[in-house]
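# Dropping a prediction and its sequence here:
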Amino acid sequence: MKRCIHVILFIALPILGISQKISNDGTGSEKIEDLKYQLMLQKNDSGRIIIMNSIGFFYATSNADSSVKYYQAALDIARQRGYAWGEARLMASLSGTLRQQGKLAEATDLLFKSIKIAKDNDLSYDLARAYRRTGDVYYDLENFPKAVEYALQAVKIDEQKENIKNAAIAHWSLADAYEKMNKLDSATFHLDKAFTQNDLLKNFIPYFYEINGNIQAKKGNYEQAHNSYAEGLKQAQQNNDLAISSRLCADMSTLFKRLDRKDSAILYALKGFEFGQEASFKKAIIDNGMLLAELYDSTKPAAALKYYKIAAAAKDSLFGVNNIQAIQNLVAGEEAKQKALEDARISYRNRIRLYGLATGLAALLIIAFILYRNNRQKQKANIVLQQQKRRIETTLEELKSTQSQLIQSEKMASLGELTAGIAHEIQNPLNFVNNFSEVSNELIKEIQDERHKTQDKRDEKLEDELLTDISNNLEKINHHGKRAADIVKGMLQHSRSSSGKKELTDINALCDEYLRLSYHGLRAKDKSFNAEMKTDFDASLPKINIIPQDIGRVILNLLTNAFYAVNEKSKMNLSGYEPTVTVSTIHSLSSGEGRGEVLIRVSDNGNGIPEKVLDKIFQPFFTTKPTGQGTGLGLSLSYDIVKSHGGELKLETKPARPGTDGEGEGTTFTIQLPLQ
């Protein structure tokens, strides 16, 4: 191992000496000057669009502002001339530079428009390109399954149309996403597919080396990983590609950090940070900044804080609530458009099927008449069977389509309520951080004033007390900062698709988190609503092995229903009524099979559930809510999730009060989960 590290250092340390700053006189700059000269001579608008698109591409990795300027100018010409191909192509191109600058919402909007124009005008080349770049945006959002989905669509189109170069780029995107998902075999397969066309993708060669280095590092082949990073960085500098240079520096720094070579790790992180700032590459600024903050933490706290602030600001601009919300709105709008188009296609297919059925029936009648004497009974039976089969198949397809749409609607509604709760919940720790920061600044000023006094008038005991107060404040800032980070982490886990992997989870913490988020989600929609929240958590409850995102959705759904129930009852203005929702956990050691189990109870004092519908409550699409306020899938999905964990979801309703129409005084749902 030591020999391996020495070999790596021997090769690595001179690399940054190739150029302390990437020269602007490389092959990329020469190509740009040549293209600018061609642009001056070009009189044809189509030719000018193509040349300006190429200039924007070469500027993208070294001068983002110039790249945006040329892309936008070319897009204006395409719009003025009504060139659909130009609009689709330039929108996808411009999205790449905006994505690099961290403007993910603007990039997503352009890509959705590019996809529509390409579809409307049958532009397969530009459609595949827009699909691939949409996958890149989802990659930045760390939604790797969605990135894979779009990249696969791009590969399918490009390979059908024999666009070999673009297909290879899409294979590269797939390799990158699969590597982040730790599917190393799939990543290696697609990387090999892309690398077979390395003569067509000279500008992408550094990216291939980066992905290969990441794969080797995850396999523990550190020397091979380093060699791959080093070759990629060398070629990136030759291409004047600041973006991939900054990424490779971050990879190299991470590798040296893992090998406990702190000086080398700092050296590469500093260079990667510099490249990221030059290229306006937010992701690289975040990665290298966070590395420097961690590496400097124990030796240079001031420097660590400086880089942490810069990285945190970049991360907030990239993944801030407003930016993510804008992207979610764009995605929701696009999904609504796609749903409308799909509904229209289904309706058209149904009409065609109806016409075909009528034509088929007419033909069958003629044949039946000709063969009437010999085969009358048999023919009638066949006709009836065929008709029934078609009806069953049609009904089944429509039910599957409707079910998938409603399930997605239920999940989006759950995510919306969770986000509203988080917006309120995260404000508390942020207020603490701001308040303690202001107090700490005042204490520092008091210390400075005390130290400006002469030695005989200085109160050293007061200075010590002030320093102690500052230290305590910093601990509180750190505590509430971590609390805010935990809330954001929980939001990201809930919004991502379930990994399907179980992990040890603190049920008490999970219930407490979703209780608060559900309550604030309802408060965000109805400011007049208030309810008392009670908890009774079993302190002896051990951690259990579950899929936290899935069980979290179950708890959130039950809590949302409970708050809805007490809210509806509160609108009846009953004397002395106080809406109350209670969450409790119990560690039971006496189940029927001799195994221990965890019980989670969600209770409310609402109107309860009528006895006549109790046997239908877990059926799909059944709901007691008014039309438009529920899909009838929440409890059905919750029931299936608990069953998949080997547990039970049970319901209890309190006896009805005299004089009511069968409605009770509250409802309790109990989730039973086995410890093993």
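Perfect, thanks for sending it.

# Now do the domain split for this protein, please.
For the chain, the structural domains run 325-409, 427-491, 503-674, going by automatic domain parsing.

# Number of residues surrounding residue 278?
18 (other CB atoms under 10 Å). Quick note: C-beta positions are derived from backbone N, CA and C, even for glycine.

# That one is in contact with residue 242, isn't it?
Yes. The criterion here is CB atoms under 8 Å, and residue 278 meets it with residue 242 at 5.2 Å.

# Now do the shared contacts for these two.
Contact with both residue 278 and residue 242 is made by residues residue 62, according to CB atoms under 8 Å, 6 or more residues apart in numbering.

# Helices of the stretch 101-250 of the chain, start to end?
Using DSSP state H, counting those that start in this stretch, the helices of the stretch 101-250 of the chain run over residues 104-120, 124-140, 144-160, 164-180, 184-195, 205-218, 222-238, 242-258.

# Tell me the helices and strands packed up against the third one.
Contact partners of helix 144-160 among helices and strands, from 3 or more CB pairs under 8 Å, 6 or more residues apart in numbering; DSSP states H and E: helix 124-140, helix 164-180.

# Figure out which of the ones you listed is closest to residue 582.
Across the helices and strands packed on helix 144-160, residue 582 has its closest neighbour in helix 124-140 (39.9 Å, CB to CB).

# relative to helix 144-160, how tilted is that closest one?
Here the directions of helix 124-140 and helix 144-160 differ by 160 degrees (axes from the mean of the first three to the mean of the last three CA atoms, to 10 degrees).

# Please state the offset of helix 124-140 from the chain centre?
Its chain's average C-alpha position is 16 Å from that of helix 124-140, according to CA atoms, centre = their mean, to the nearest Å.

# Name the residues of it that come out as buried.
Across helix 124-140, burial judged by 16 or more other CB atoms under 10 Å covers 125-140.

# Just name the closest of those residues to residue 210, please.
residue 139 (13.4 Å).

# was I right about the closest one contacting residue 175?
No. Counting by CB under 8 Å, residue 139 stays clear of residue 175, with 11.4 Å between them.

# What is the burial count for residue 530?
So residue 530, with other CB under 10 Å, has 13 neighbours.

# again but with residue 173, I slipped
What residue 173 shows, counting by other CB under 10 Å, is a neighbour count of 25.

# tell me the pLDDT at the closest residue to it other than its chain neighbours?
Spatially, and ignoring its direct neighbours in sequence, residue 173 is nearest to residue 151 (4.4 Å; CB to CB, 6 or more residues apart in numbering). With respect to pLDDT, residue 151 scores 88.

# what sits against residue 151?
Residue 151 neighbours (CB under 8 Å, 6+ apart): 131, 132, 135, 170, 173, 174, 177.

# just residue 214 next, same as before
Per CB under 8 Å, 6+ apart, neighbours of residue 214: 179, 225, 251.

# Count residues in the vicinity of the residue nearest to residue 217 when sequence neighbours are not counted, would you?
Excluding the flanking residues, the one nearest residue 217 by CB to CB, 6+ apart is residue 225, at 3.9 Å. Using other CB under 10 Å, residue 225 has 24 neighbouring residues.

# repeat for residue 398
Residue 398 has 12 neighbouring residues, counting by other CB under 10 Å.

# any weak-confidence spans in the stretch 351-500 of the chain?
Applying pLDDT under 70 to the stretch 351-500 of the chain flags the ranges 351, 355, 368-369, 371, 373-374, 399-428, 432, 482-500.

# now the stretch 101-250 of the chain
Counting by pLDDT under 70, the stretch 101-250 of the chain contains low-confidence ranges at 198-200.
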